[in-house]
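*Asks:* attaching a predicted model along with its sequence, questions to come.
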Amino acid sequence: MSLPLFPSTWMNDEHRMLQDSVRRFFAERWVPHAGAWREAGIMPRECWNEAGAQGLLCLSTPAAYGGGGGDFGHEAVVILEAARANLSGWGGGLHSAIVAPYLIHCGTEEQKQRFLPRMATGELATAIAMTEPGTGSDLQAVRTHARREGDEYVINGAKTFITNGQHANLIVVVAKTDREGGAKGVSLLLVETDKAQGFRRGRKLDKVGLKAQDTSELFFDDVRVPAANLLGGKEGQGFFQLMEQLPQERLIIGLQGVAAMERALEETLAYVKQRKAFGKSVWDFQNTKFKLAEVQSTVLATRAFVDAAMVSHLKGELDAARAALVKSWVSEQQGKVMDECLQLFGGYGYMMEYPIAELYVDARVQRIYGGTNEIMKELASRFM
Ligand SMILES: Cc1cc2nc3c(=O)[nH]c(=O)nc-3n(C[C@H](O)[C@H](O)[C@H](O)COP(=O)(O)OP(=O)(O)OC[C@H]3O[C@@H](n4cnc5c(N)ncnc54)[C@H](O)[C@@H]3O)c2cc1C
């Protein structure tokens, strides 16, 4: 058994009640199917509707727009529990705590009313499409272009590595509305895929980990969207809208990382205490105890760091630099912890039927997406 975590002071009774019910829901309803979803490379579309019916989508969206009316703490509870349950294929966190906030904070009143209630029920599954085959870190270099023609925008371009790419029927697309405008030439367009002629989904990508996640390529060939689908209604705001929302995305990666580490420690402790070698349990070797005491310290310290960032974020005080360091530091600790834990499983740690193997492969991308760790350190150092 791992040691108790220090109390998460940002959690109130409502968060704790939600934690119990979400943990039960994932364990009873989704975890039994996780292996099949991993094999299929995608979760069924109905999961979105089921999550909506359970109140697990858009928890921090105001009730006036059909959401849960909670705070980011509610979103964090669901994100932590999904990671603890090893449901890394579930893209609901991105939908509720990354895409919905773009609409809440940057959308026009009409856009909020049109999309948020359907996002909360799961009728709309969403994605955000920034990355392109030719550019990821350098967002200002995107080539996807949106040309204004009368009451419409005409979008051309290609995106890749897009989370929820197969299921998404509402996609926030990062596009240039002014090719010469640098950061001021970037806008965010809301593409409703069911109505979008010229929109095509490419391959569901074969990844090292996150096997049940439908990360995909997307193509836009003369896709027409109403001018009313320009996020916020004003061209050239996209880069600033992204910069405003990215700290929360980075904190989410920190939350996912620490919950996965907690799970890995528990799995490893349980395994080494029952596995026998040389007539005693693997736990009885001093090396095992020292390694897991070190992992335990890392888990406690990481959780305290993430909790401090949560407290700061819930007060509206988490700046881009510290959020970037949460993302990079936690994901680096996660990589080390998964490696140490897997080693203690011996050969079984390399078998996908053991959760530690999935935790290990899933951890790798945490240092890459949401902005690579190199970019995170570059960003933070500008404020030091
Ligand atoms: C599973 C998965 C899911 C994803 N989901 C989404 C999604 O939903 N939406 C979306 O838009 N994107 C998504 N991404 C894309 C992800 O955000 C990018 O892969 C990431 O930002 C890096 O961009 P890149 O792959 O183009 O790498 P590049 O930008 O080509 O970087 C290559 C290397 O160069 C380094 N580098 C680049 N610039 C600098 C610099 N200035 N200083 C130092 N080093 C530098 C990088 O750190 C990296 O090591 C996802 C990616 C994966 C793998």
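*Replies:* Received the coordinates, thanks.
*Asks:* count the neighbours of Lys159 for me.
*Replies:* Counted by other C-beta atoms under 10 Å, the residues lying close to Lys159 total 25. Glycine gets a C-beta too; all of them are placed from N, C-alpha and C.
*Asks:* can you tell me which residues contact it?
*Replies:* 129-132, 144, 173, 217-220 (C-beta atoms under 8 Å, 6 or more residues apart in numbering).
*Asks:* likewise for Pro62?
*Replies:* With contact taken as C-beta under 8 Å, 6+ apart, Pro62 is in contact with 69, 104.
*Asks:* then Ala380?
*Replies:* Counting by C-beta under 8 Å, 6+ apart, Ala380 has contacts 321-322, 324-325, 328.
*Asks:* reformat the residues you listed as a markdown table; add distance to the ligand.
*Replies:* Listed next are the contacts of Ala380 as a markdown table, based on distance: C-beta to the nearest ligand atom, whole Å:
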| residue | distance to the ligand |
| --- | --- |
| Ala321 | 16 |
| Arg322 | 19 |
| Ala324 | 12 |
| Leu325 | 15 |
| Ser328 | 10 |
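*Asks:* show the buried residues in those residues.
*Replies:* 322, 324-325, 328 (16 or more other C-beta atoms under 10 Å).
*Asks:* which of those residues fall within helices?
*Replies:* The members of these that map onto helices under DSSP state H are 322, 324-325, 328.
*Asks:* which residue is the nearest non-sequential neighbour of the single nearest residue of the stretch 51-200 of the chain relative to the ligand?
*Replies:* Nearest residue of the stretch 51-200 of the chain to the ligand, counting by C-beta to the nearest ligand atom: Gly136, 2.0 Å away. Excluding its sequence neighbours, the residue lying closest to Gly136 (C-beta to C-beta, 6 or more residues apart in numbering) is Phe161, at 7.4 Å.
*Asks:* count of residues packed around that neighbour?
*Replies:* Neighbour tally, Phe161, other C-beta under 10 Å: 20.
*Asks:* the stretch 1-150 of the chain: strands as residue ranges?
*Replies:* 126-129, 145-149 (DSSP state E, counting those that start in this stretch).
*Asks:* for the nearest residue to Val208 once chain neighbours are set aside, give its distance to Lys207.
*Replies:* Using C-beta to C-beta, 6+ apart and skipping residues adjacent in sequence, the residue nearest Val208 is Val361, 5.5 Å away. Separation of Val361 from Lys207 (C-beta to C-beta, to the nearest Å) stands at 9 Å.
*Asks:* go ahead and flag the most central residue of this structure.
*Replies:* Residue closest to the average C-alpha location in the chain (C-alpha atoms, centre = their mean): Leu94, at 4.7 Å.
*Asks:* now for it: which residues touch it?
*Replies:* 126-128, 163-164, 252.
*Asks:* for Met1, same thing?
*Replies:* For Met1, the contacting residues are 266, 269, by C-beta under 8 Å, 6+ apart.
*Asks:* do you know how far it is from Lys273?
*Replies:* 9 Å.
*Asks:* distance from the longest helix along the chain to the middle of the chain?
*Replies:* Ordering each helix of the chain by length in residues (DSSP H) puts helix 238-274 first. The chain centre lies 9 Å from the centre of helix 238-274; the measure is C-alpha atoms, centre = their mean, to the nearest Å.
*Asks:* how about the helices in the stretch 251-384 of the chain?
*Replies:* 286-314, 320-343, 355-364, 373-381 (DSSP state H, counting those that start in this stretch).
*Asks:* which bits of this protein sit near the ligand?
*Replies:* Residues of the chain lying near the ligand by C-beta under 6 Å from any ligand atom: 127-131, 135-137, 161-163, 207, 210, 215, 365, 368-369, 371-372, 374-375, 378.
*Asks:* quick check: phi and psi at Leu5.
*Replies:* phi -70, psi 150 (degrees, to the nearest 10).
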